[in-house]
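Q: quick check, what structure comes out for this input:
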Amino acid sequence: RNEHRKGKFYIPHFPVLREDKTTTKTRIVMDCRAQWQGRSMNDAIHKGPDFLCNLVNVLHRFRRFKVALQADVQEMFLQIRLPQDDKAYHRWLYRESPTHPIREFEMQVHVFGNAGSPCIALFAARHNAEIYFPAEEFKRARETITESTIMDDAIDSVHSPAEAADLLHRLQTIYGHISMNLRKVASNSAEFMSSVDEESRAPQLTNIMLGLADEEGLKALGVLWDPVDDKLAVATTLDPASCPHTKRGLLSAYAQVFDPLGFVLPFVVRARILFQSCWVEGLDWDDQLPAAEDKLWTAWLEEALAVKEFQIPRWLGLGPETAKQVHIFCDASKQAFAAVAYIIAGSSSNFVQARAHVAPVRCTFSIPRMELQSAKLAVQLAVTVCPILTEDLSKCYFWTDSKDTIWWLSLTAKQLAPFVANRVSFILQRMSREQWHWLPGTMNPADLASRGSQLGLLQDKWLKAPSFIAQPDDNCPQLDELKPSSE
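A: Presented below is the predicted three-dimensional model:
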């Protein structure tokens, strides 16, 4: 081991410019992927286990309660010192200008670009919280660090401004113990923000609240957030005017719509279906779209201009004593299958998340089997959503307009074909048969995502669950007769 460590390594470096950033607009990246004699620094470094929290789970936590809290750890990597033996492998060269002599430097701390830095930084933060702050009063802050932080971005929600102030204080104490500083604090609560030091606040927050700038809002893990109205929106860098009408342009365009929770999923599904049709027709990446597809693509791009204007409430309406249920609707068409989840808090409903997949090309499924695929997707969605929002999978209810799916769920695996049996077993191992219900297709909001929809139709038919959900059971749709499936 010691023989192996007698060498040294010089790392190339370059600047990354981010004009959209309010603090560090220029970040120096050490290019540890640059190769010398066929190997790079990152080839020789174990990146360690993945400690990153799931982005969707963190966003659900951010939406749970009334008061939102967001903060950023300043220069996280640079607060963790490198082991003495590793410093020689983190050297770099620099000169002020071509006329100045080249100077040699050696990093003392972990750098941005090193494959192991994210793991080490997150481990340091978690280990510090668990070992040095085990007391009960730090429990909520430890939970935020381990469950609601992605790299240096901590976002969470609590019930009141007082709880937010206490959580921020605890987080500052924990991070401060290892010389990490929390900054860019933001919240939808003016009362809470009044207790935050001016230098710790998000720089653009004051302008947003006073309406003095053209700020489009803050970003919470890439999702646009207006803390004044407490609304979320889809972030996109899409410029429809410069988008080529080719298969490559199509993929590049809809990939720029960052929508991890599926706020505008029915709109995006239209582009996915169109992209798949380009593959079926055998188009090359830079071939011009045929007339029919080009017309559809032009219409999609025209609507895409309004994506950022589509807003959804951040708060899901959950309170300390609020009765809550999750209702998930699933549906399928020849082109795609989808599932969408809503939470019922008291007498109100709110959109939680949606997922969809286009139909496979190489093997064609019948509509009943596509419907069963959507039911499986609904259960996968429930396993993500329910532990965070209801903490109880039994408070999750499923709705499908497929009588075949309801019939299959009433049978045992031995009575079914292997394809159907495998998916029915997957569903019933996680949820009970009694949690499944039927509704007419005209009442199923998942229909929008399984077929694709215009953006303008989503505001009325997508953001809220069907009205009968929040009403007594007597108003729920009833399945008059259940017949054996033809499959």
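Q: phi, psi of residue 17?
A: Main-chain dihedrals, residue 17, degrees, to the nearest 10: phi -100, psi 130.
Q: okay, it: pLDDT?
A: We have a pLDDT of 84 for residue 17.
Q: begin at 55 from here
A: With 55 as the first residue, the last one maps to residue 71.
Q: just give the nearest non-adjacent residue to it, would you?
A: residue 80 (5.7 Å; Cβ to Cβ, 6 or more residues apart in numbering). From N, CA and C alone the C-beta is placed, and that goes for glycine too.
Q: isn't that neighbour up against residue 68?
A: No - in this structure residue 80 lies outside contact range of residue 68 using Cβ atoms under 8 Å: 10.5 Å.
Q: returning to that earlier point: residues near the residue nearest to residue 71, how many?
A: 10 (other Cβ atoms under 10 Å).
Q: buried stuff in the lengthiest helix in the chain?
A: Using DSSP state H, we find that the single longest helix of the chain is helix 421-443. Residues of helix 421-443 classed as buried by neighbour count (16 or more other Cβ atoms under 10 Å): 422-436, 438-440, 442-443.
Q: do the same with stretch 171-190
A: For stretch 171-190, burial by neighbour count (16+ other Cβ under 10 Å) applies to 171-176, 178-180, 182-183, 187.
Q: cool, and stretch 85-105?
A: Applying 16+ other Cβ under 10 Å to stretch 85-105 flags 86, 94-96, 105 as buried.
Q: about what we covered before: quick one, what contacts the residue nearest to residue 71?
A: By Cβ atoms under 8 Å, 6 or more residues apart in numbering, the contact set of residue 80 is 69-72.
Q: switch the residues you listed over to TSV; also include distance to residue 409.
A: Listed next are the contacts of residue 80 as TSV, based on distance: Cβ to Cβ, whole Å:
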residue	distance to residue 409
69	38
70	32
71	35
72	30
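Q: wait, a strand at residue 391?
A: Yes - under DSSP: H, G, I helix; E, B strand; the rest coil, residue 391 falls within a strand.
Q: from residue 105, how far off is it?
A: According to Cβ to Cβ, to the nearest Å, residue 391 and residue 105 sit 33 Å apart.
Q: equivalent analysis for residue 365, please.
A: Taken as Cβ to Cβ, the span from residue 365 to residue 105 is 33 Å.
Q: kindly report the same for residue 151.
A: Remark: distance between residue 151 and residue 105 (Cβ to Cβ) = 41 Å.
Q: with residue 384 instead?
A: Separation of residue 384 from residue 105 (Cβ to Cβ): 33 Å.
Q: please apply the same query to residue 503.
A: Going from residue 503 to residue 105 by Cβ to Cβ gives 32 Å.
Q: what are the buried residues along the helix or strand containing residue 286?
A: Per DSSP states H and E: residue 286 is located in strand 285-287. Under the neighbour-count criterion of 16+ other Cβ under 10 Å, strand 285-287 has 285-287 buried.
Q: and the helices in the stretch 155-304 of the chain, which stretches?
A: 171-186, 193-201, 215-230, 244-247, 259-264, 301-309 (DSSP state H, counting those that start in this stretch).
Q: can you tell me the closest non-neighbouring residue to residue 383?
A: residue 500 (4.2 Å).
Q: wait, isn't the one you found in contact with residue 385?
A: Yes - using Cβ under 8 Å, residue 500 is in contact with residue 385, at 3.8 Å.
Q: quick check: neighbours shared by the two?
A: Here residue 500 and residue 385 share the contacting residues 392, 428, scored by Cβ under 8 Å, 6+ apart.
Q: before we move on, the earlier item: now the helices of the stretch 155-304 of the chain in a markdown table, with mean pLDDT?
A: Output for the helices of the stretch 155-304 of the chain, formatted as a markdown table (pLDDT from 0 to 100):
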| stretch | mean pLDDT |
| --- | --- |
| helix 171-186 | 94 |
| helix 193-201 | 96 |
| helix 215-230 | 96 |
| helix 244-247 | 93 |
| helix 259-264 | 64 |
| helix 301-309 | 93 |
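Q: I'd like these laid out as CSV, including distance to residue 123.
A: Compiled in CSV, those are given as follows (distance: least, Cβ to Cβ, whole Å):
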stretch, distance to residue 123
helix 171-186, 17
helix 193-201, 8
helix 215-230, 5
helix 244-247, 8
helix 259-264, 12
helix 301-309, 30
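Q: tell me which of those helices lies nearest to residue 127.
A: Nearest of those to residue 127, taken as Cβ to Cβ: helix 215-230 at 6.3 Å.
Q: other SSEs contacting that closest one?
A: strand 121-128, helix 171-186, helix 193-201, strand 207-212, strand 235-240, helix 244-247 (3 or more Cβ pairs under 8 Å, 6 or more residues apart in numbering; DSSP states H and E).
Q: swap the cut-off to 6 Å and go again
A: Judged by 3 or more Cβ pairs under 6 Å, 6 or more residues apart in numbering; DSSP states H and E, helix 215-230 is in contact with strand 121-128, helix 193-201, strand 235-240, helix 244-247.
Q: how about stretch 318-335: buried residues?
A: Neighbour-count burial for stretch 318-335 [16+ other Cβ under 10 Å]: 318-332.
Q: so what's the gap between that stretch and the chain middle?
A: 21 Å (Cα atoms, centre = their mean, to the nearest Å).
Q: contacting residues around it?
A: Residues outside stretch 318-335 that contact it (Cβ atoms under 6 Å, 6 or more residues apart in numbering) are 288, 301, 304-305, 308, 311, 350, 354, 364, 389-390, 408, 410, 412, 502-503, 506-507, 509.
Q: now a ChimeraX select for only the buried ones of these.
A: This is the ChimeraX syntax for the buried subset of those, where burial follows 16+ other Cβ under 10 Å:
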select :288,301,304,308,311,350,354,364,389,390,408,410,412,502,503,506,507,509
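Q: which residue lies farthest from the center of the chain?
A: No residue in the chain sits farther from the centre than residue 153, which is 48.2 Å out by Cα atoms, centre = their mean.
Q: check the gap between that one and residue 363 for me.
A: Plainly put, residue 153 is 53 Å away from residue 363 if you go by Cβ to Cβ.
Q: try residue 429
A: Counting by Cβ to Cβ, the gap from residue 429 to residue 363 is 33 Å.
Q: repeat for residue 399
A: For residue 399, the distance to residue 363 (Cβ to Cβ) stands at 26 Å.
Q: go on, residue 113?
A: Taken as Cβ to Cβ, the span from residue 113 to residue 363 is 20 Å.
Q: which of these two has more neighbours?
A: residue 113 (22 against 9).
Q: check contacts around that one.
A: Counting by Cβ under 6 Å, 6+ apart, residue 113 has contacts residue 315.
Q: sec struct for it, please.
A: Of the three states, residue 113 takes helix according to three-state DSSP.
Q: look up how far residue 426 lies from it.
A: Taking Cβ to Cβ as the measure, residue 113 falls 28 Å from residue 426.
Q: same question, residue 186
A: Distance from residue 186 to residue 426, counting by Cβ to Cβ: 51 Å.
Q: over to residue 514?
A: From residue 514 to residue 426 the distance is 29 Å (Cβ to Cβ).
Q: for the chain, which spans come out with low pLDDT?
A: Along the chain, the parts satisfying pLDDT under 70 run over 55-60, 74-78, 260-270, 526-529, 533-541.
Q: wait, what's in contact with residue 221?
A: 194, 212.
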